[in-house]
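Okay, structure incoming, though there's no sequence with it:
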């Protein structure tokens, strides 16, 4: 399974990342919340939660994030207000490097997302305040690269693409 890769530029508010966003479509092992949690956990990604994606543009400067679409469908914007719109549905997984802007544009009523993070990483909430830009760039530079891909493990494409 090969993910799509996408890169987004720093717009002065949303820093994004030089690392590519990975978009996996049709991951059978992520087609419901329990199996998505098991998949992420088996590949070393923890700190899991179940909820939805915020409607507000935001990013995390202290952690990389995996988002598994466990039910429903959504239109999401990645890369900040000037980014790109993506259509995702149950079984899709987004892997966002620290700094990547994201928000939900619209969704089905049954949308359920499972989030997870590499070991030792705790997320913060940032909304693109230009006054925090230097601080978040320093935070992002200090975030360790994961040792495993949340979907395909230690031999997954993330390991090579993010080095």
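On my side now, so go ahead. None of the values given here were measured: they were computed from a predicted structure. Numbers count the residues shown, from 1 in each chain.

separation between the spatially most central residue of the chain and residue 137?
Nearest to the geometric centre of the chain sits residue 96, at 3.1 Å (CA atoms, centre = their mean). Separation of residue 96 from residue 137 (CB to CB, to the nearest Å): 16 Å. For the C-beta atoms, the positions are set from N, CA and C on the backbone; glycine is no exception.

Check residue 56 too.
Using CB to CB, one obtains 21 Å as the distance from residue 56 to residue 137.

So those two - more neighbours on which side?
residue 137 (14 against 11; other CB atoms under 10 Å).

Does the nearest residue to the more buried one once chain neighbours are set aside lie in a helix or a strand, and which?
Leaving aside its sequence neighbours, residue 137 sits nearest to residue 15 (CB to CB, 6 or more residues apart in numbering; 5.8 Å). Assigned by DSSP states H and E, residue 15 belongs to no helix or strand.

what do you get for residue 21?
Assigned by DSSP H and E, residue 21 belongs to strand 17-24.

where does whichever helix or strand comes after that strand sit relative to the chain's centre, distance-wise?
Next in sequence after strand 17-24, counting helices and strands by DSSP H and E, comes helix 33-42. Its chain's average C-alpha position is 15 Å from that of helix 33-42, according to CA atoms, centre = their mean, to the nearest Å.

hang on, the earlier thing: which strands and helices lie in contact with the strand holding residue 21?
If you count contacts as 3 or more CB pairs under 8 Å, 6 or more residues apart in numbering; DSSP states H and E, strand 17-24 packs onto strand 4-8, strand 93-96, helix 157-161.
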